[in-house]
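> Give me a model of this one.
(one chain, ligands or ions: 2)
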Amino acid sequence: MVKVAVSGALGRMGTTIGRIVNEAPDMELVGGIDIREGTLFGTEVVPAAGIDAFLKEKKPDVLIDFTVAAAAVENVRAAAANNVALIVGTTGFSPEQREVIRGAVEGHVPAVISSNFSVGVNIFWKLVREAARELGDYDIEVTEAHHRYKKDAPSGTAKTILEILDQELGGREKAYGRVGETERKNEIGVHVVRGGDIVGDHSVLFAGNFECIEVSHRAYDRAIFAQGAVRAAGWVKGREPRIYSMQEVLGL
Ligand SMILES: NC(=O)C1=CN([C@@H]2O[C@H](COP(=O)(O)OP(=O)(O)OC[C@H]3O[C@@H](n4cnc5c(N)ncnc54)[C@H](O)[C@@H]3O)[C@@H](O)[C@H]2O)C=CC1
Ligand SMILES: O=C(O)C1=N[C@H](C(=O)O)C[C@H](O)C1
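Ligands and ions are numbered 1, 2, ... in the order given. Below is the predicted model of the structure:
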């Protein structure tokens, strides 16, 4: 039995994860943390300031965090200090925040950290890498679209796409949106759309002369992210204390 707690428990992802954990026969939902008041499928949700006492009392094996970057850093610190394994899906971290997380986790607790927990996106990233290897001399434009409430831009998934392109093609300049006179060189264009209830769309366009190749992924329900995060929670318990990718969880 894997005991699971959720931070960001009352959010879009937190409630979806809570439902899946609650229904999993091999998992026990022990409660959640949020800055808002409520309950999670009959379990207690405590205020963010009470996370340390909550972890000491409930003793979860794993904390799943889908909050906001600044909150996630504090939640990671608290979990690591209490020997609780981590699944971190929160996006929008600065390089400095990433370093704080790395320092808190490495050598202390196992943690799966991914900007996207869907199986499809993890395969999509592999396809983007493969396309970049073959099509490095094409013009490349990355586009992402999300719902009107998303706080960070570009999305974490888009940033991971850019990291993959950098690894394969060297660090090309990025052009974030195009306005006015923008003569194209070999920069990578990055475009962000926000509106309505779009769950999460990502595409990478490779444009050549007389042809274009587009690799894309569209999410229709955020349950795909939640299912991946819960799968990772079942996988991470008892692992060596370091940061893992979702690709390692999936064996990709
Ligand atoms: N890696 C992945 O597969 C995915 C990542 N995300 C990321 O997850 C994060 C959350 O997304 P949503 O659930 O859509 O947002 P949301 O705004 O619906 O939920 C965030 C929740 O965190 C709570 N919160 C804020 N500060 C907190 C704190 N200090 N401690 C505990 N809870 C706190 C909020 O009150 C809210 O209930 C975002 O960074 C988003 O980009 C979202 C979907 C998939
Ligand atoms: O905020 C979201 O909703 C999502 N965030 C993640 C990201 O920033 O890439 C993953 C997914 O696209 C949904």
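> show me the residues around the closest residue to ligand 1 within the stretch 1-150 of the chain that make contact.
Of the stretch 1-150 of the chain, the residue with the smallest distance to ligand 1, taken as C-beta to the nearest ligand atom, is residue 11 at 2.0 Å. Every C-beta, even on glycine, is put in place using the N, C-alpha and C of the backbone. For residue 11, the contact set (C-beta atoms under 8 Å, 6 or more residues apart in numbering) comprises 34, 66, 67.
> So which of those reach ligand 1?
34, 66, 67 (C-beta under 6 Å from any ligand atom).
> Of the residues you listed, which is the most crowded?
residue 66 (26 neighbours; other C-beta atoms under 10 Å).
> Next to ligand 1, which bits of this structure? Give me the list.
Counting by C-beta under 6 Å from any ligand atom, the chain sits next to ligand 1 at 7-8, 10-14, 33-36, 48, 66-68, 71, 89-92, 114-117, 152, 156, 222, 225.
> Restricted to helices, list the residues you listed.
Under the assignment DSSP state H, the residues of the chain next to ligand 1 contribute 12, 13, 14, 71, 156, 225 to helices.
> quick one: pLDDT of the closest residue to the last one other than its chain neighbours?
Of all residues beyond its chain neighbours, the one nearest residue 225 is residue 117 (4.8 Å), with distances taken as C-beta to C-beta, 6 or more residues apart in numbering. On the pLDDT scale, residue 117 is placed at 98.
> Distance check, residue 117 against residue 160.
For residue 117, the distance to residue 160 (C-beta to C-beta, to the nearest Å) stands at 12 Å.
> which one of the two has more residues nearby?
Between residue 117 and residue 160, counted using other C-beta under 10 Å, the more crowded position is residue 117 (27 against 20).
> and residue 241, what helix or strand is that in?
Here residue 241, judged by DSSP states H and E, is contained in no helix and no strand.
> wait, what's in contact with it?
With C-beta under 8 Å, 6+ apart, residue 241 has these contacts: 105, 106, 107, 108, 109, 110.
> From those, which land in strands?
Of the positions in the contacts of residue 241, not one sits in strands, assigned by DSSP state E.
> Narrow the residues you listed to those that are buried.
105, 109, 110 (16 or more other C-beta atoms under 10 Å).
> Just the closest of these to ligand 2, please.
Closest approach to ligand 2 among these (C-beta to the nearest ligand atom): residue 105, at 20.0 Å.
> was I right about the closest one contacting residue 111?
Yes. If you go by C-beta atoms under 8 Å, residue 105 and residue 111 touch, sitting 4.6 Å apart.
> Tell me the confidence at the residue in the stretch 1-150 of the chain that ligand 2 sits nearest to?
Ligand 2 sits closest to residue 91 of the stretch 1-150 of the chain, with a gap of 3.8 Å, by C-beta to the nearest ligand atom. Looking at residue 91, its pLDDT reads 98.
> Please name the nearest non-neighbouring residue to residue 37.
In this structure, residue 37 finds its nearest non-sequential neighbour in residue 45, 7.3 Å apart by C-beta to C-beta, 6+ apart.
> Kindly report the same for residue 67.
Once flanking residues are discounted, residue 67 sits nearest to residue 8: 3.8 Å by C-beta to C-beta, 6+ apart.
> check contacts around the one you found.
Residue 8 neighbours (C-beta under 8 Å, 6+ apart): 14, 32, 33, 34, 65, 66, 67, 68, 71, 90.
> repeat for residue 123
Neighbouring residues of residue 123 by C-beta under 8 Å, 6+ apart: residue 252.
> pretty sure residue 27 is in contact with residue 234, am I right?
Yes. In this structure residue 27 lies within contact range of residue 234 using C-beta under 8 Å: 7.1 Å.
> so who does residue 140 touch?
132, 165, 172, 188, 189, 204, 205, 206, 207.
> try 10 Å
128, 131-132, 161-162, 165, 169, 172, 186-190, 204-207 (C-beta atoms under 10 Å, 6 or more residues apart in numbering).
> Any of these buried? List them.
The buried subset of the contacts of residue 140 (16+ other C-beta under 10 Å) comprises 128, 131-132, 161-162, 165, 169, 187-190, 204-206.
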